[in-house]
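Engineer: Output the structure for:
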Amino acid sequence: MPGKPRQSNFELLRLLSMLAIVAGHLFTEGHLIAHATPGTLLPCLLLGSGARVATNLFVLLGCWFLVGSTLPGAPDFAPGRRWWRLHFTVLCWAAPLTVAALAMGAHPGLKDALRGFLPFVGRPLWFASAWMSLLLLVPFLRHALELPARRLGALVAVGGLLLVFNSTLADFREGYLTDTFWFAWVYLFLGWFRLCAPDRLRRVPASAALATGLALYAALVLPEWWARAHIASHPAAPAVHALAERFLADLKCAPNFLCAFALFLFFARIDLGSVRWINAAARPAFAVYVAHQTPAFWPVLWPRVVRTPAWWGEPWTPLAALGATVAIYAAVALAETARLRLLEPRWTRTRAFAALARAVDRLCGVR
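Structural biologist: Down below sits the predicted model:
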C-alpha cells in the first residue's frame, strides 16, 4: 500500500532549511562575507548567517518524526533499514566526489580523502554520523517517553541545563559526542513537547511563532553586522562579534535553539496539505548536504566550480549567491532523483541489506 502523503508544510521547511545551509556555506567557505563591501555586508550576513539555525531546524524536523513513530504504544522502532539507507546515501555521494576532487588536482590530505569512503566511522559529514548514532539510541531513548510527565519534564530540564544553559554561557562547539548528545536531547525535548507541554505552548499562533523566530534571527545578525562594520574603530566591537558569531554557530546555545524552535513551530502550525512539487523538491535535501560538504570536495567547489573569488567585493554578490545556491541544490537534486530510482532499490532489495539491517536491529535489542 502507498505510504501516507508527506505534509508539505514540513517538506517546505526541509527545502528552505537546506537552501539556507548551502547559502551559509557559500557565504562563509566561499569568503563572500569576508570580502563584502560596506553596502553588501548586511544582505550578505542576512543570507549567509543562518546555516546553523537551519541545521537545528533539520534536527527538530527529523526528531519530530522520530518521536511520532516511537510514542508510547507504537511498535518497536527498528533502526536497521534507515541506518543502512543513510549510510549508502553518504557513500554514494562522498566517495565519488572525493575521487572527483582528487582528479581536479585537490590535495585534501590522507585523512579527508579516506573519510569520503567511511560514511560512519570516518565521519565525513558530522551531521550524518551524529544522526546515525541517534538512530541507534532511539530504541532505548523511546522508553524515556513512557516516564510520568513530571519525570520526563525533569529529564528534559536537566539535559537543558547541561547542554543549553552551559553552551549559552561558554563556548562548547561541535564535536561528534556533543552533537550526538544534542540530537538525543532534542528527541527527548520534542517527546516532552508532544506529550506533556502546556497547551498554551503547543497552541502558539503561527504568526507569533514566525515573528519570534525572525526577530531572534535579526537580534543575532544585526550585532554581528555592527561589530564587523566597527571592528577597527570601536573597542566593544571584537567582543560583540565573538558573542554574536558564537550564538549563530552553536546549535546548543539558547538564542540559536529558540530561534530555530520558533520557526519550527510556525511550520508545524500551518497546513499546506500535500503539494507534489514541494515534496519532490524537498526529497533530495539530505543528498544536497552531503554533496556540497564532502570534506575533500568543498574546498574546490567554491573557488573552482562556483568561482567565488571572482565575486569578492562586487555589488551583485548577494544576488549571484542566491542563484548559485538554487543551482547547486537543483543540480544535486536531479542526480539524487536518478540515484533513488536506479541505485537505491538495487541496494535495499539485496539479501546483504536485509541481513545488515537485522544485525543493527539485534544490536539495538529489536527483533
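Engineer: Low-confidence ranges, the protein, go.
Structural biologist: 1-3, 174 (pLDDT under 70).
Engineer: Tell me where it has strands.
Structural biologist: For the chain, no strands turn up when DSSP state E is the criterion.
Engineer: Spatially central residue (nearest the centroid) of it, please.
Structural biologist: The centre of the chain sits closest to Thr55, judged by Cα atoms, centre = their mean, with a distance of 2.9 Å.
Engineer: from what I can see that one touches Ile21, true?
Structural biologist: Yes. Counting by Cβ atoms under 8 Å, Ile21 is a contact partner of Thr55 at 6.2 Å. All C-beta atoms are positioned from the backbone trio N, CA, C, and that covers glycine.
Engineer: contacting residues around His31?
Structural biologist: 302, 308-309, 312 (Cβ atoms under 8 Å, 6 or more residues apart in numbering).
Engineer: Measure how buried the residue lying closest to Gly159 once chain neighbours are set aside is and give me the count.
Structural biologist: In space, and not counting its chain neighbours, Gly159 is closest to Trp185: 4.3 Å by Cβ to Cβ, 6 or more residues apart in numbering. By the criterion of other Cβ atoms under 10 Å, Trp185 has 23 neighbours.
Engineer: For Phe127, see how far away Trp185 is.
Structural biologist: 16 Å (Cβ to Cβ, to the nearest Å).
Engineer: go on, Gly73?
Structural biologist: For Gly73, the distance to Phe127 - Cβ to Cβ - is 30 Å.
Engineer: With Ala355 instead?
Structural biologist: On the measure of Cβ to Cβ, Ala355 and Phe127 end up 27 Å apart.
Engineer: Which one's more surrounded, these two?
Structural biologist: Shown here are Ala355 and Phe127; by other Cβ under 10 Å, Phe127 has more neighbours (20 against 10).
Engineer: residues contacting that one?
Structural biologist: Contacts of Phe127 by Cβ under 8 Å, 6+ apart are 55, 58, 179, 289.
Engineer: thought Val366 was touching Ala78?
Structural biologist: Yes. Applying Cβ under 8 Å as the test, Val366 and Ala78 come out as touching, 4.8 Å apart.
Engineer: so what's in contact with the two at the same time?
Structural biologist: Joint contacts of Val366 and Ala78 (Cβ under 8 Å, 6+ apart) are Pro139.
Engineer: neighbour count winner among the two?
Structural biologist: Set side by side, Val366 and Ala78 show more neighbours around Ala78, with 19 against 15, by other Cβ under 10 Å.
Engineer: surely that one meets Arg362?
Structural biologist: No. The criterion here is Cβ under 8 Å, and Ala78 misses it with Arg362 at 9.8 Å.
Engineer: give me every residue that touches Pro318.
Structural biologist: 40, 43-44, 47.
Engineer: ok, it to Phe27 distance?
Structural biologist: Relative to Phe27, and taking Cβ to Cβ, Pro318 is found at 9 Å.
Engineer: Give me the common contacts of the two.
Structural biologist: Joint contacts of Pro318 and Phe27 (Cβ under 8 Å, 6+ apart) are 44, 47.
Engineer: Report the separation between Gly48 and Leu248.
Structural biologist: Counting by Cβ to Cβ - Gly48 and Leu248 are separated by 10 Å.
Engineer: Now do the closest residue to Gly30 other than its chain neighbours: how many residues are near it, please.
Structural biologist: Closest residue to Gly30 apart from its sequence neighbours, by Cβ to Cβ, 6+ apart: Thr308 at 3.5 Å. Neighbourhood size, Thr308 [other Cβ under 10 Å]: 22.
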